[in-house]
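Peer 1: Provide a 3D model corresponding to the input given below.
(one chain, ligands or ions: 1)
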Amino acid sequence: MEKRADALQRLRQAHEEIVLAALRSEGPMSRTQLTDRTGLSRTTLFAIISELMERGAVIESGVEDDGRPRGRGRPATRVSLNPDAGLLIGVDLGRRRVRVAVANIARQVIATAVDDSAPDADESEQADLAVALVHKICEDRGIGLGALEGIGIGLVGVMDAPDRRWRAAERLGAAFGTRVETDNNARLAALAEQTWGAARSAEDVVYVRWSVGVGGGFISGGRLLRGAHGASGELGHVSVDPAGPRCHCGGRGCLEERIGVPALLEALASQGIRLTGTDDLLEAAQARTPAVTTVVVAAARTLGTVLAGTVAQLDPARVVVGGDLAVLGGLVLDPIRSALSELALPGTRRTPDVVPADLGPNASAMGAIALMLKEQDPLPPGPDPADL
Ligand SMILES: [Zn+2]
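Peer 2: Modelled structure (predicted):
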């Protein structure tokens, strides 16, 4: 019995594909035209169309002349591919915000949304917030979710904790009944910049995100590097001072502890300059407040020194600087450029272009979409909990 059911299922899928292919290549058609075109029986074709309509893959597109003699019966309704079909959703579960992006069948990002999440929210609560955001954005924009193809999720931190990944993936997968993929959100931003942004068409890219935290992502030979333990790209946790203060990651003297926004605010506070947060810092730097530019330039120089090591090892064509600090343009990019050219391998003629990121704060959510468009090496499964 099972075999017969399988065979019927395969036959049905084959018929569906014939109908979809006809609509794809020839555009909207009436059911009669589709019967002629596909050679399927009327009964089979009608059953397939209603099934495809139920799933949101095709829609009826108004009443049109189908070229046949009129007079008897109803006018022909045409059937076409649902322009909302093949939707992909990208979700970025950040430290303070949840962002969502939606891409259509043509792989264009057609809508984005953002909401603040509670400071102590875990992945499951953030995933619930993302589900609500997706429903809201689709309702507001009239986007049907019937033909959702997949959801990509960006998460903070090293991807070596499968339970964290699964919690978020399970919630979103269950809410929408579709496949789910996860990765680190700074790495996803790198992938988005390579797909649509500042590193478009470059095969070898170093991306750094400089904000409260410092993260990154490397693309080598066109592929996003994940590493053996899901920790590739963690530029913020490269030690710049092995005798330095303890970092939350367990290391010492990490770059993030030296140049992340909190460290810059602290350095300025010790000089009597009290700024309250990222926006305040950026405003003072843009106004070229001397003490502030000095601290920012020194930090950019430190970042450039770390990047010089990465560049020597990976030989990228482009270094993309994203995150909040990137809006300062030349103030942060120039010290990075000088560090790269001063510290370039002897005999190296070319240093990579250093460019600001293009995609802004939605980059990670967009990267979660890019993750599903490209064939990527799988994420490592993470350590066995018994070993921890
Ligand atoms: Zn660290």
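Peer 1: Beyond the helix or strand where residue 174 lies, next helix or strand please.
Peer 2: In this structure, residue 174 sits in helix 162-176 according to DSSP states H and E. Counting by DSSP H and E, the next helix or strand C-terminal to helix 162-176 is strand 179-184.
Peer 1: What lies in contact with that next one?
Peer 2: 149-159, 165, 168-169, 172-173, 215, 217, 224, 226, 230, 233, 367-368, 371-372, 379 (CB atoms under 8 Å, 6 or more residues apart in numbering). C-beta: built from backbone N, CA, C; applies to glycine.
Peer 1: List buried residues within those residues.
Peer 2: Neighbour-count burial within the contacts of strand 179-184 applies to 150-159, 165, 168-169, 172-173, 215, 217, 224, 226, 230, 233, 367-368, 371-372, 379; the criterion is 16 or more other CB atoms under 10 Å.
Peer 1: In strands, which of the residues you listed fall?
Peer 2: 150, 151, 152, 153, 154, 155, 215, 217, 224 (DSSP state E).
Peer 1: measure the third one to residue 101 for me?
Peer 2: Read that as residue 152. In this view, residue 152 and residue 101 are 9 Å apart by CB to CB, to the nearest Å.
Peer 1: Dump the helix holding residue 174 to CSV, restricted to CA.
Peer 2: Output of helix 162-176 as CSV, limited to C-alpha atoms (Å, rounded to 0.1, in the frame of the first residue of the first chain):
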residue,chain,number,x,y,z
PRO,A,162,23.3,23.7,19.4
ASP,A,163,20.6,24.0,22.1
ARG,A,164,20.5,27.8,21.5
ARG,A,165,20.3,27.4,17.8
TRP,A,166,17.6,24.8,18.1
ARG,A,167,15.5,26.8,20.5
ALA,A,168,15.2,29.7,18.1
ALA,A,169,15.0,27.4,15.0
GLU,A,170,12.3,25.2,16.5
ARG,A,171,10.1,28.1,17.5
LEU,A,172,10.3,29.8,14.1
GLY,A,173,10.1,26.5,12.2
ALA,A,174,7.0,25.4,14.1
ALA,A,175,5.4,28.8,13.7
PHE,A,176,5.7,28.8,9.9
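Peer 1: mean confidence score for that helix?
Peer 2: When pLDDT is averaged over helix 162-176, the result is 82.
Peer 1: related to what we said a few turns ago, residues shared between the contacts of residue 152 and residue 101?
Peer 2: Residues within reach of residue 152 and of residue 101 at once, by CB under 8 Å, 6+ apart, are 89, 90, 368, 369.
Peer 1: you'd agree the last one is up against residue 99?
Peer 2: No. The pair residue 369 / residue 99 is not scored as a contact, 11.7 Å apart, by CB atoms under 8 Å.
Peer 1: What is the neighbour count of residue 5?
Peer 2: Burial of residue 5 is recorded as 9 neighbouring residues (other CB atoms under 10 Å).
Peer 1: quick check, it in a helix?
Peer 2: Yes. Using DSSP: H, G, I helix; E, B strand; the rest coil, the secondary structure at residue 5 is a helix.
Peer 1: picking that back up, the helix holding residue 174 to strand 179-184, inter-axis angle?
Peer 2: Angle between the axes of helix 162-176 and strand 179-184 is 140 degrees (criterion: axes from the mean of the first three to the mean of the last three CA atoms, to 10 degrees).
Peer 1: Which other helices and strands does helix 162-176 contact?
Peer 2: strand 87-93, helix 123-141, strand 148-155, strand 179-184 (3 or more CB pairs under 8 Å, 6 or more residues apart in numbering; DSSP states H and E).
Peer 1: got the contact list for stretch 32-42?
Peer 2: In contact with stretch 32-42 (CB under 8 Å, 6+ apart) are residues 15, 18-19, 22-23, 26, 29, 31, 45, 48-49, 66-68, 76, 79.
Peer 1: Now render the helices and strands packed on helix 162-176 as JSON lines, adding distance to the ion and mean pLDDT.
Peer 2: Rendered in JSON lines, the data for the helices and strands packed on helix 162-176 read as follows (distance: least, CB to the ion, whole Å; pLDDT from 0 to 100):
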{"stretch": "strand 87-93", "distance to the ion": "21", "mean pLDDT": "92"}
{"stretch": "helix 123-141", "distance to the ion": "21", "mean pLDDT": "91"}
{"stretch": "strand 148-155", "distance to the ion": "17", "mean pLDDT": "90"}
{"stretch": "strand 179-184", "distance to the ion": "15", "mean pLDDT": "90"}
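Peer 1: Flag every residue of the stretch 101-250 of the chain that's near the ion.
Peer 2: 237, 247, 249 (CB under 5 Å from the ion).
Peer 1: what's the last one in contact with, if anything?
Peer 2: Contacts of residue 249 were listed using CB under 8 Å, 6+ apart, and they are residue 237.
Peer 1: Am I right that it is in a helix?
Peer 2: No. With three-state DSSP as the criterion, residue 249 is assigned coil and is not in a helix.
Peer 1: Would you mind measuring from it to residue 237?
Peer 2: In terms of CB to CB, residue 249 sits 5 Å off from residue 237.
Peer 1: Please apply the same query to residue 80.
Peer 2: Using CB to CB, residue 80 is found at 51 Å from residue 237.
Peer 1: Residue 233 and residue 217 touch, don't they?
Peer 2: Yes. Using CB under 8 Å, residue 233 is in contact with residue 217, at 4.3 Å.
Peer 1: overlap in contacts of the two?
Peer 2: Contacts common to residue 233 and residue 217, judged by CB under 8 Å, 6+ apart, are 184, 186, 187, 190, 207, 225.
Peer 1: Alpha carbons of the helix or strand hosting the fifth one, in CSV - could you do that?
Peer 2: The reference is to residue 207. In this assignment (DSSP H and E), residue 207 forms part of strand 205-210. C-alpha atoms of strand 205-210 as CSV (Å, rounded to 0.1, in the frame of the first residue of the first chain):
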residue,chain,number,x,y,z
VAL,A,205,36.4,39.3,1.7
VAL,A,206,37.1,40.3,5.3
TYR,A,207,34.2,41.9,7.0
VAL,A,208,34.4,43.6,10.4
ARG,A,209,31.5,44.9,12.4
TRP,A,210,32.4,47.6,14.9
